[in-house]
Structure formats: structure tokens, C-alpha cells
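Q: Requesting a structural model of the entry that follows:
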Amino acid sequence: MNNVQLNAMMDVLCPMHVLLEKDGTISHAGPTVQKICPPDRLVGSSFFDLFAVKRPKGIRNIEALRRRAGSKLHISLRDDPDSDLKAVLVPYDIDNGKVVINLSFGISILDGVRTYALSNADFAATDLAIEMLYLIEAKSAAMDASRQLNLRLQGAKIAAEEQAFTDTLTGLKNRRALDHVLTRLVSTQASFAVMQIDLDFFKAVNDTFGHAAGDHVLQAVAQIMVEETRNADTVARVGGDEFTLILPNVGSEQMLLSIGDRLIERLENPIKFQGNPCNISASIGTVWIQEGHMLDAKDILADADMALYQSKNAGRSRQTLFQKTDIVAPSIWAD
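A: Numbering: from 1, shown residues only. Take a look at the predicted model:
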């Protein structure tokens, strides 16, 4: 077999091989090696000018390399010291001192394929590295699909939880969300206020203009409450025309009274529905819980309700601040 036939055979069987002369000069390189090394520097160059033997250590010439025939070698490219190639040397022309070195990416095949833009055509047809590459790609695709599925499930869970805590008509929090927030604040014995708000004359809106008008009014009221409270406050619709505000970090009674006054004033302005003015007002009952309180959520809501009923009985369109000894109505708005 002449050299041309030998080279052609080796290119098919071992596309990642180099043939070395007795002095270590590269006389031929497989097609895949030509892709990972500068092809104009391969043939005629010394093997050690292009490759470095990382293990076993101390191999720096062809004589030392030839003595490791049959053993696994770890080598790297001089132009890419971080590269990690596996190799084995086999003599093929003992009389003339010629050897063949076959290279492999080993477990770094995925990095090699990406770095040098290789394909299955760059490996021997019987090379198990191709199967390994397919398995890696299949695993990567499966893991990506799993991540996408988990993200969708997590998104669906968050959406479901958000829906479970949201009043569908107004977009405010609902009773369930209110109970959750209130229970948390009670457990920490933090300072906060609860403001119960009931719309006055709302039934007249429904009776006069229909339920569509009532829904429109509730949505407008919800928007006003959001505008008049802070981001940290909880605004909830807990019944047909009943709302509850939870206000953490209240600094003074005056702060509570100011919020109530603004709400009452704005809600007294007619809300237009299809050109018709819908007239309502608001009655408010507020309880301010001091830090270190020992009340439970049920008692707090009962106190706020008691203050609300006092506002209703006093003529509506006003707010009442609950106190332990008595109930006072510090701000009164005329009907």
C-alpha cells in the first residue's frame, strides 16, 4: 500500500489523526485535524510546535513520545492551552521510525463540536462519540423542555393564586386576601389600622339604573380607594358594596382621619354612568391597633364594624374612630 492509499484509508477510519516522520515532523493530517489546527502549518511542522503533551509530564521530543506508544496521552493545542484532547500513538513503519497519533475530544466532544463547528461528517462512522453527542443534545433538549414546562406551571400557579386573592369585578383584593394579610399582621403584633367602608345609597343606584350601573360605580369606587391609599396598604372588596382597608405603619389618628375625609369627599361627587349621575356616599368605621396588641382578627373586625354602625346611625357620610372606652365621630359630613 503506497502512501496515498494509506492516507486516504486513515482519513476515513481516523479523521482525527496525524502521521509523524522519524524526527517528529508531521507528514499528513486527517481532515478533522485540519479543521482544529491551521492547515497551512500542519504538514512539515514539528508535532511539538503545534501540540503540547500535558500528561504524562516531561514529554518534549519524539523519542520520549515514541516510548509512550499504546498509552493514553493528554495533549492540548499550543494556540489553545485550555483545550483537552486525548491521544494514542502507534508505530506504523518501524523500519523508518514513523508513527501515527490518533486524537479524540473524549468527554469534551460537545465543546469541541461547538468551538470548531464540527458535524457528524467530521468523525468516523463507527465513532461512539457521535452517539454520545446525540445523547447530550437529546438530554439538553429534554432539560430545556422540562425547564419551560416548569416555568409555565409556575406561572399558572402564580396566576391561580393571584386570581384566588382578587375580586374579579374591581381588581381589588378579596375577603380571602384580607384575612391572610390581617392574620399576618396580628401574628406579628404590629401597629396598623383597619378601615371598614360601606357605600350609602348604593341600592338606589341599582334600583334606578340597573346592575350595570352598580358595577360601574363599584369599579369607580375601587379606583378612588387605590388612588387615596399607599402601595403598602391593602384595599379589599369584602361584600357587595362593602370595602375594607388595612393600613400598616400608621403614625397618628390625624393620618387616619385625613384618609377618611378624602375618601368621603371624593365619593360624594356623582359618578356618571351613560350620562346619568349616580349619587352615593361612604360611611367609615376605623380601628387603630397599637403595637403589641393582644386582640385577634375577629375582634378587630368586630370593633371596626361597631364604629361603622355608629357612623351609619349618626346619619351616614361620616367616619368614626373606635376607642376602647367609647366611640367618637371626629369627622362628620352632611348628607
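Q: What pLDDT is listed against the residue nearest the centre of the chain?
A: The C-alpha lying nearest the average C-alpha coordinate of the chain belongs to Leu151 (Cα atoms, centre = their mean; 7.8 Å). The predicted local distance difference test score for Leu151 is 74.
Q: does it count as helix, strand or coil?
A: Using DSSP: H, G, I helix; E, B strand; the rest coil, the three-state assignment for Leu151 comes out as helix.
Q: Tell me how far it lies from Asp144.
A: Shown here: Leu151 relative to Asp144, a distance of 11 Å by Cβ to Cβ, to the nearest Å. Backbone N, C-alpha and C define where each C-beta goes, glycine included.
Q: So, low pLDDT: which residues of the protein?
A: Under the criterion of pLDDT under 70, the regions of the chain flagged as low confidence span 1, 128-134, 136, 155-163, 324-335.
Q: Show me it divided up by domain.
A: Per automatic domain parsing, the domain ranges recorded for the chain read 3-126, 130-162, 175-332.
Q: Need the winner for burial among those domains.
A: Among those, domain 175-332 has the highest mean neighbour count (mean count of other Cβ atoms under 10 Å), at a mean of 18.
Q: Can you give the distance of it from its chain's centre?
A: In terms of Cα atoms, centre = their mean, to the nearest Å, the centre of domain 175-332 is found 36 Å from the chain centre.
Q: coming back round to it: just send the domains of the chain back as TSV, with distance to Leu169 too.
A: Converted to TSV, the domains of the chain look like this (distance: least, Cβ to Cβ, whole Å):
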stretch	distance to Leu169
domain 3-126	54
domain 130-162	15
domain 175-332	6
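Q: wait, which of these is closest to Thr168?
A: Closest of the domains of the chain to Thr168 is domain 175-332, at 9.8 Å (criterion: Cβ to Cβ).
Q: for the residue nearest to the centre of the chain, what are its contacts?
A: Leu151 makes no contacts at all, as judged by Cβ atoms under 8 Å, 6 or more residues apart in numbering.
Q: And Phe123, how far from Thr32?
A: 7 Å.
Q: shared neighbours, the two?
A: Residues touching both Phe123 and Thr32 by Cβ under 8 Å, 6+ apart: 15-16.
Q: Tabulate the CA atom coordinates of stretch 281-295 in CSV.
A: In CSV, the C-alpha atoms belonging to stretch 281-295 read as follows (Å, rounded to 0.1, in the frame of the first residue of the first chain):
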residue,chain,number,x,y,z
SER,A,281,-71.6,58.5,49.8
ALA,A,282,-69.5,56.5,52.3
SER,A,283,-69.8,55.6,56.0
ILE,A,284,-66.5,54.6,57.6
GLY,A,285,-65.6,52.8,60.8
THR,A,286,-61.9,52.7,61.8
VAL,A,287,-59.9,50.9,64.5
TRP,A,288,-56.3,51.7,65.2
ILE,A,289,-54.3,48.8,66.6
GLN,A,290,-51.2,49.7,68.6
GLU,A,291,-48.0,47.7,68.6
GLY,A,292,-48.0,44.7,71.0
HIS,A,293,-51.8,44.3,70.9
MET,A,294,-53.4,41.1,72.1
LEU,A,295,-56.6,41.1,70.0
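Q: The longest strand seen in the chain - contacts with which helices or strands?
A: If each strand of the chain is counted by residues according to DSSP state E, the longest one is strand 80-93. The criterion is 3 or more Cβ pairs under 8 Å, 6 or more residues apart in numbering; DSSP states H and E, and the helices and strands that strand 80-93 contacts are strand 51-55, helix 62-66, strand 72-77, strand 98-104.
Q: what is the orientation angle of that strand with strand 51-55?
A: Calculated by axes from the mean of the first three to the mean of the last three Cα atoms, to 10 degrees, strand 80-93 forms an angle of 90 degrees with strand 51-55.
Q: Contacts for strand 80-93 next, please.
A: Taking Cβ under 8 Å, 6+ apart as the criterion, the residues outside strand 80-93 that touch it are 6, 19, 51-52, 54, 65-66, 68-77, 97-106, 108.
Q: Please, where are all the strands along the stretch 101-250 of the chain?
A: For the stretch 101-250 of the chain, applying DSSP state E, counting those that start in this stretch gives strands covering 192-200, 234-237, 242-248.
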